[in-house]
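A.B. asks: Here is the input, now give the coordinates:
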Amino acid sequence: MIILDAEMSGTMPEKHGLWQIAAIDLENPLNLFFEESRIDEDEICDSQALKVIGKTEKELRDTTKQSTKEMLNHFFEWTKSVKTKICISQNIWFDMQFIAIKSRKNGVDVTTPYRTIDLHAVASFKYYQIHNQFLLSADKQKSNMDFTNVLKLCGMKDHRISVDMKTGKTVQEGTPHNALEDAKLTAECFSRLVYGKELLKEFNGEPIPKYLKSL
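C.D. replies: Just a heads-up that it's a prediction; the model follows:
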């Protein structure tokens with residue numbers, strides 16, 4: 001299965017660019033993909049997104065980097081090395097929507113199945129098993145299982161910067177978002193939630209909670 005994460009210059013695939021893709025073969029974590037590209041000339045940058053990824057618009061338009069089309073072609077070529085091509089991520093629809101729209105724009109065939117697994121749903125169900133209720137927002141109107149809370153459920157901390165995409169206000173100071181690092185975090189969380197075991201050695205310092213081992 002493919003643990004996937006992508007970084008963009010904003011949240012709207014019709015306007016913003018795709019500049020980073022990372023993926024990990026869950027059944028063979030040493031088999032991974034990680035590439036960057038420049039965004040297209042007609043694509044724009046959102047100031048809040050730049051704050052999240054710690055990049056400037058000039059860096060995202062670096063003409064020495066490959067095109068988005070080349071990166072997408074390389075990604076789909078890499079997926080041939082993975083036996084089970086189900087893509088998994090937090091809010092997977094968002095990453096896949098971006099990849100699908102940019103692939104269509106650049107004439108690249110999407111070769112991964114449209115059936116995916118959302119880490120949010122997996123974590124929400126596991127939380128319900130443990131607490132007999134879902135993790136909801138204060139007003140009980142929506143799920144509060146964001147990636148920070150997924151990590152917390154898995155016994156891990158979120159060291160990344162968090163920004164309110166509407167106001168641009170920094171909610172939490174931390175490291176810029178990076179597709180490979182986020183893919184690793186996602187892979188570790190999925191392994192802990194579904195299999196009840198650790199996956200990557202770099203997270204050994206954050207022991208898996210007993211309640212995940214017992215389920």
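A.B. asks: Downstream of the longest helix seen in the chain, the next helix or strand is which one?
C.D. replies: The longest helix of the chain (DSSP state H) is helix 92-106. Beyond helix 92-106 in the direction of the C-terminus, DSSP states H and E gives the next helix or strand as strand 116-118.
A.B. asks: and that next one, average pLDDT?
C.D. replies: Strand 116-118 shows a mean pLDDT of 98.
A.B. asks: who's in contact with it?
C.D. replies: Here strand 116-118 makes contact (Cβ atoms under 8 Å, 6 or more residues apart in numbering) with 1, 86-93, 96. For the C-beta atoms, the positions are set from N, CA and C on the backbone; glycine is no exception.
A.B. asks: got a winner among the residues you listed for most neighbours?
C.D. replies: When neighbours are taken as other Cβ atoms under 10 Å, the top entry among the contacts of strand 116-118 is Ser89 (26 neighbours).
A.B. asks: in stretch 132-146, what's buried?
C.D. replies: Of the residues in stretch 132-146, those with enough neighbours to count as buried (16 or more other Cβ atoms under 10 Å) are 135, 145-146.
A.B. asks: May I see those residues arranged in a markdown table, with pLDDT as well?
C.D. replies: Conversion of the buried residues of stretch 132-146 to a markdown table gives the following (pLDDT from 0 to 100):
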| residue | pLDDT |
| --- | --- |
| Leu135 | 98 |
| Met145 | 98 |
| Asp146 | 96 |
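A.B. asks: what would those residues look like in CSV with secondary structure?
C.D. replies: Output for the buried residues of stretch 132-146, formatted as CSV (DSSP: H, G, I helix; E, B strand; the rest coil):
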residue, secondary structure
Leu135, coil
Met145, coil
Asp146, coil
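A.B. asks: Skipping adjacent residues, who's closest to Ser191 in space?
C.D. replies: Distance criterion Cβ to Cβ, 6 or more residues apart in numbering; nearest residue to Ser191, sequence neighbours excluded, is Leu199 at 3.7 Å.
A.B. asks: and the one you found, what helix or strand is that in?
C.D. replies: Going by DSSP H and E, Leu199 is not in any helix or strand.
A.B. asks: so where's this protein shaky on pLDDT?
C.D. replies: For the chain, the stretches with pLDDT under 70 are 214-215.
A.B. asks: Kindly recompute the last result at 80.
C.D. replies: Residues of the chain meeting the criterion pLDDT under 80: 165-166, 168, 214-215.
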